[in-house]
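In: the sequence isn't on hand, but the structure is:
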């Protein structure tokens, strides 16, 4: 007989809150639910998509000056932490469609 732990899928540890989350959270919310009109919700987005999008904003391949200013000085490791954080968040319903 197998023990439950042997057949249950391994749960990935929840990511730690990134040290550089503050500026992102001003628009996108700490849990990835937008705080201002026009800012996209990031909660639950695909990790690879977020990782690549953040690099494109930082490097200027996506020309959004506000985003470039916010994440321009961040390293790949910083961006990876942010992508992991937001992709691990659960989207919340926000009122009427």
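Out: Nice, thanks for sending it over. Here the structure is a predicted model, which means the values were calculated and not measured.
In: centroid-nearest residue for this structure?
Out: For the chain, the residue nearest the mean C-alpha position is residue 86 (2.5 Å; Cα atoms, centre = their mean).
In: got a list of what that residue touches?
Out: Counting by Cβ atoms under 8 Å, 6 or more residues apart in numbering, residue 86 touches 24, 28, 32, 42, 43, 45, 50. The way it works is simple: take the backbone N, C-alpha and C, and place the C-beta from them, glycine included.
In: rerun that using 7 Å as the cut-off
Out: Residue 86 is in contact with 32, 42, 43, 45, 50, counting by Cβ atoms under 7 Å, 6 or more residues apart in numbering.
In: what does residue 29 give?
Out: residue 35.
In: could you redo the last one with a cut-off of 8 Å?
Out: Residue 29 touches 35, 41, 42, 43, counting by Cβ under 8 Å, 6+ apart.
In: now these as a markdown table including pLDDT and neighbour count?
Out: Output for the contacts of residue 29, formatted as a markdown table (pLDDT from 0 to 100; neighbours: other Cβ atoms under 10 Å):
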| residue | pLDDT | neighbour count |
| --- | --- | --- |
| 35 | 94 | 11 |
| 41 | 97 | 17 |
| 42 | 97 | 25 |
| 43 | 98 | 19 |
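In: any chance you could map the strands in the chain?
Out: Remark: no strands are assigned in the chain by DSSP state E.
In: next one: stretch 55-62 to chain centre, how far?
Out: 16 Å (Cα atoms, centre = their mean, to the nearest Å).
In: er, stretch 36-43 I mean
Out: Put simply, stretch 36-43 sits 11 Å off its chain's centre (Cα atoms, centre = their mean).
In: cool, stretch 31-46 as well?
Out: Counting by Cα atoms, centre = their mean, stretch 31-46 comes out at 9 Å from the chain centroid.
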